[in-house]
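Enquirer: Sequence plus predicted model, see below.
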Amino acid sequence: MSSEKPVMIEFKDVHKYYGDYHALRGINATIRAGEFFSLLGPSGCGKTTLLRTIAGFEGISSGAVMIGGEDMADVPANQRPTNMVFQSYAIFPHLTVEENVGFGLRKDPRSKAEKAKAVEDALGMVGLKGFGARAAHALSGGQRQRVALARALILKPKVLLLDEPLSALDKKMREQMQVELIKLQRQVGITFILVTHDQEEALVMSDRIAVMFEGQIAQLADPETLYRRPASRKVADFIGTMNFLPAKILNEAGSKVEVDAQGFGKITLDGAQVMSAEGSEGGATVGFRPETLTILFDGQTGSDFESEAVVEEVVYYGDMTYYDIKIKGCDTAVRLSMRNVFGRPVLDIGTKTRVAWSAGALVLFR
Amino acid sequence: MNGGWFRIYAYGFLLFLYAPILLLPIFAFNDGAIVAFPLAGFTTKWFDQLWVEPALHQALKNSLIIAVSASILSTCLGIFAARASTRYNFPFKGGIIGMIMLPLVLPEIILAIALLVVLLGVGIPLSIYTVILGHVLVCTPFSIAVLTAAFQSLDKSLEEAAYDLGETPASTFRLIILPLVTPGIISSLLMTFTISLDEFLMAFFLAGTESTLPVYIFSQFRFPKSVPVVLALGTVLVVASIILLTIAEYFRRRGIAKTGGKDTGGFL
Amino acid sequence: MAQTAATKSNLPARAAPKQRSEAASGLLMVSPTAIYALLLLAAPLITIFTYSFLTDGYLTVELTPTIGSYVEAWTNEVYRVVMLRSLGVAMAVTLVTVVLAFPIAYYVSFYVEPSRKSLWLFLITIPFWTSYLIRVFLWKVILGFNGVVNSGLLGLGIIDEPLTFILYNTNAIVITLAHAYAPFAILPIFVALEKIDRSFLEAGRDLGESSFVTFFRVTLPLAMPGVISAVMIVFIPTIGDYVTPHLVGGPEGKMVANLVQVLYLKLDNYPLGSALAVSSMLLVGLVLVMATMQLAIFGYVFKRIAGQTQLILAIFTALAAAQALLAVVIALWLVTGNAPLTVVLGTAVHVVALLALRRKRSAL
């Protein structure tokens, strides 16, 4: 969706060392104007460091960070067209909400009244109208977060940087803020770059996601591609749940690969379904998401393939049920998820049933 | 378990701690030249004598000059060191800070003679200025202890946020850091003032022919008849110290509350 | 609109001031204080250290290097007795202060409501900040012939004549200094106790330990860093205290500081005064090193470190051997005067620790 938009940020072979520690190992990526972009990865993967190189809080050891086509090497943080929402929110505790939000307008030549109006508008935008006179330390976590957003957005930066902004909130509040942030981003139209370790959060909010491990980008793609076609076992493991079964490669013809996957038998896969096995131990495996495997209840017929299976474990979630099932011919159980539909029973442990899958849902890691 | 025995012990220990201070006013208002029981009746004459001792007034004046100078200088030095140690990592950090904090544990006699020897060797005449030099040395570690707490409760991202919002490092210091550590600075000033006012050994060695309050008090201990007056003076000093320290404690707590930190208590 | 996006990005790519490295910024920031300490603390200390190796001339110091002052300080009966007394007093003060302080710190940390802890700490520190001289002097009043203690005990009929062993001797010095340094001991222990995760203690009791055992196996080891700083912060300065021995010590209660003052100001013997000062610090250092090793051995025995057993055992055995040597050296010197129980006890404890180690080793 954003491929036609101009490039906002470009990383050119960015390396960062802390003494001997190689924190960023050759980052190459472009982020486009108006994109909601996420940096996703486990803690220590370098995602926050990368974000801070955009803000200018961290220098880089080699390479270049470009914003709007300009090399930022000599531009200090206070002159970059970026603003940041900090993980701790960094609300100035000795100032009121108004003074916090208007902090960046100190050198703005506009009149006092105009500035007050801008502050009021910014507070309105984040749903804090009327909170201006409150003391900062009297705010709740969610309110602090909104103040931090308003304080950053009032300066109309080209890029808004968000460093794990939702990690301090409880689950309900976090989900609510996710939706609000998406709406806000659409409303203001500026580039948002979000750092998170929560894969669900990244999938929900982002236009594109860069998954990072050990200072490198492992995959950069839109959420759907990331979920359906993870570039490696490592990425697949990190994002959502994926089942893996050992597979033997029988034939390669052009881009097509014929494999014999345990329990699934012979399947021909497309070139786009073949991924790196990085992060796995043994040989080749096929992977599939729990929801791509379907239990065939009485009278149903499978799509491409089907087989017999036994239910080994049942976990009931209300809207969903997770089953661990053992497909005939498999050594290990795989996880399967079914949406619960009225009138359809939840199967018991030990039930013999039939399951179906389609070749398109599989990914081969080799 | 509500700490029954511990509680009794704790109150007993407080009594032990406060015993001398509680006795002080008793003898300061006692109408007897000998400081011993039984008491001889109530009088304020020892306090009246405080007004007519020129040597005492000179000592007080010297002490105030020294205490004001030493508290300002040591707090300035404390700000630099506390800021450096809480914000930056630099080579030999432990060694440098350790050296600065050394007067906290080193016997004062060693500091005093060492300083005395060097000052005499360099040819600086002893005066209240040399006492100030010594007091700054003694007060700075305490100032650093107070200020480190104040700087530590400052979230680093507050500075980054200000910088991110377009401020320079200098204006960030003025707009964000300074207001947030001001209570700590006031607390440090009051505390170092109190320490300097009370410090004896450095002044004894470094004041030359000048005198400070503690040096004056020490010299009066030799004359039994002056002791009640000294105790009256002591009463005044103790009350003044307690007031100053209470104010210092108030500012220290306010500073921690302001930056949203958790009070771990204590000056040290 | 200096801060709007448009202006921000249109800034000429001016050469921003080269960002100073963190190390350089830190050093620059700390430099005023560091330079002050270097000139007025380090340099003077080095000077007296140097003086201690020079020869005393008449009203001058000659630049002939010698260890004569140290020989004098360590062999002359007068100096040796005073140093021994200072060490004994400092050890006694440390022991008394830390033992008295621990229950207070424990009470404030474990039994006082969190909102009232600051008040307690404030109350504990206040006496420390009030005129040291006058406080010491008042102990004279309390402990004196007609003092509070004696008149109280006489009044109650517990004694028939005033006690004399409580003033103008080392007992008086110990009491007075224990009082003066109490806050210094309480605060570090309190801080260490505060850091203990209370769930550890609950876990201890949950696992069936009595609260007594929990205290010795969980609380005390975790509070050890606080106890160690309390020991250091009391032990080092008390050995060099001047005012207390001067006021309440009497003629038989002089300590190192009083001798140093006389040597410097009255006798003008800088080298000997310096040697005495350096020696006392050396003594403090040695005792602290010994104590630290003792603790390390105990730590090993208590914690039962698993893995790397051979290496750790070797290290600890070496440390213990070094300590035994140290103890013997110090004891030998002291035996010529008066062998203090502390060293004997210390050696005994450490032999026990070694035996425990041996048993541990055979068990492994």
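Expert: Yep, that arrived. Residues are numbered from 1 along each chain as shown, chains lettered A, B, ... in the order given.
Enquirer: Residue A:132 is in contact with residue A:98, correct?
Expert: Yes - under the criterion of CB atoms under 8 Å, residue A:98 makes contact with residue A:132 at 3.8 Å. The way it works is simple: take the backbone N, C-alpha and C, and place the C-beta from them, glycine included.
Enquirer: hey, what's in contact with both of those two?
Expert: By CB atoms under 8 Å, 6 or more residues apart in numbering or on different chains, residue A:98 and residue A:132 have these common neighbours: A:119, A:123.
Enquirer: Which elements pack onto the helix or strand containing residue C:120?
Expert: Here residue C:120, judged by DSSP states H and E, is contained in helix C:114-129. Applying 3 or more CB pairs under 8 Å, 6 or more residues apart in numbering or on different chains; DSSP states H and E, we find helix C:114-129 packed against helix B:4-28, helix B:178-198, helix B:227-258, helix C:77-110, helix C:170-195.
Enquirer: same thing but at 7 Å, please
Expert: When contacts are defined as 3 or more CB pairs under 7 Å, 6 or more residues apart in numbering or on different chains; DSSP states H and E, helix C:114-129 packs onto helix B:4-28, helix B:227-258, helix C:77-110, helix C:170-195.
Enquirer: Would you mind giving the secondary structure of residue A:16?
Expert: Here residue A:16 is recorded as strand under DSSP: H, G, I helix; E, B strand; the rest coil.
Enquirer: before we move on, what SS does the most centrally placed residue in chain A have?
Expert: Centroid check for chain A by CA atoms, centre = their mean gives residue A:202 as the closest residue, at 2.4 Å. Secondary structure for residue A:202, judged by three-state DSSP, is helix.
Enquirer: Contacts only, for it.
Expert: A:38, A:40, A:196, A:209 (CB atoms under 7 Å, 6 or more residues apart in numbering or on different chains).
Enquirer: Distance of the third one relative to chain B?
Expert: Counting by CB to the nearest CB, to the nearest Å, the gap from residue A:196 to chain B is 17 Å.
Enquirer: Likewise for the last one?
Expert: According to CB to the nearest CB, residue A:209 stands 24 Å off from chain B.
Enquirer: Was I right to think that residue contacts residue A:40?
Expert: Yes - assessed by CB atoms under 7 Å, residue A:209 is found in contact with residue A:40 at 5.3 Å.
Enquirer: Tell me the first helix or strand C-terminal of the helix or strand containing residue A:245.
Expert: Per DSSP H and E, residue A:245 falls inside strand A:243-253. For strand A:243-253, the following helix or strand on the C-terminal side (DSSP H and E) is strand A:256-261.
Enquirer: Would you mind listing the buried residues in the helix or strand just after that following strand?
Expert: Helices and strands here follow DSSP H and E; after strand A:256-261, the next one along the chain is strand A:265-269. Buried residues in strand A:265-269, counting neighbours by 16 or more other CB atoms under 10 Å in any protein chain shown, are found at A:267, A:269.
Enquirer: Likewise for stretch A:275-287?
Expert: A:275-277, A:279-280, A:284-287.
Enquirer: can you tell me which of these are in strands?
Expert: A:275, A:285-287 (DSSP state E).
Enquirer: Now do the host helix or strand of residue C:201, average pLDDT.
Expert: Assessed by DSSP H and E, residue C:201 sits inside helix C:198-206. Helix C:198-206 shows a mean pLDDT of 72.
Enquirer: And stretch A:231-248, by the same measure?
Expert: The model assigns stretch A:231-248 a mean pLDDT of 89.
Enquirer: same check, this time on stretch A:128-140
Expert: Here the average pLDDT along stretch A:128-140 is 86.
Enquirer: How far away from the center of its chain is that stretch?
Expert: Distance of stretch A:128-140 from the chain centroid (CA atoms, centre = their mean, to the nearest Å) equals 31 Å.
Enquirer: Where does pLDDT dip in the stretch 201-350 of chain C?
Expert: The model of the stretch 201-350 of chain C has pLDDT under 70 over residues C:204-205, C:208-209, C:294-350.
Enquirer: What of the stretch 101-250 of chain B?
Expert: For the stretch 101-250 of chain B, no range has pLDDT under 70.
Enquirer: Return the residues of it in contact with chain C.
Expert: B:102-103, B:105-107, B:109-110, B:113-115, B:117-118, B:133, B:137, B:140, B:166, B:194, B:198, B:200-201, B:214, B:217-218, B:221, B:234, B:237-238, B:241-242, B:245, B:249 (CB under 7 Å from any CB of the partner chain).
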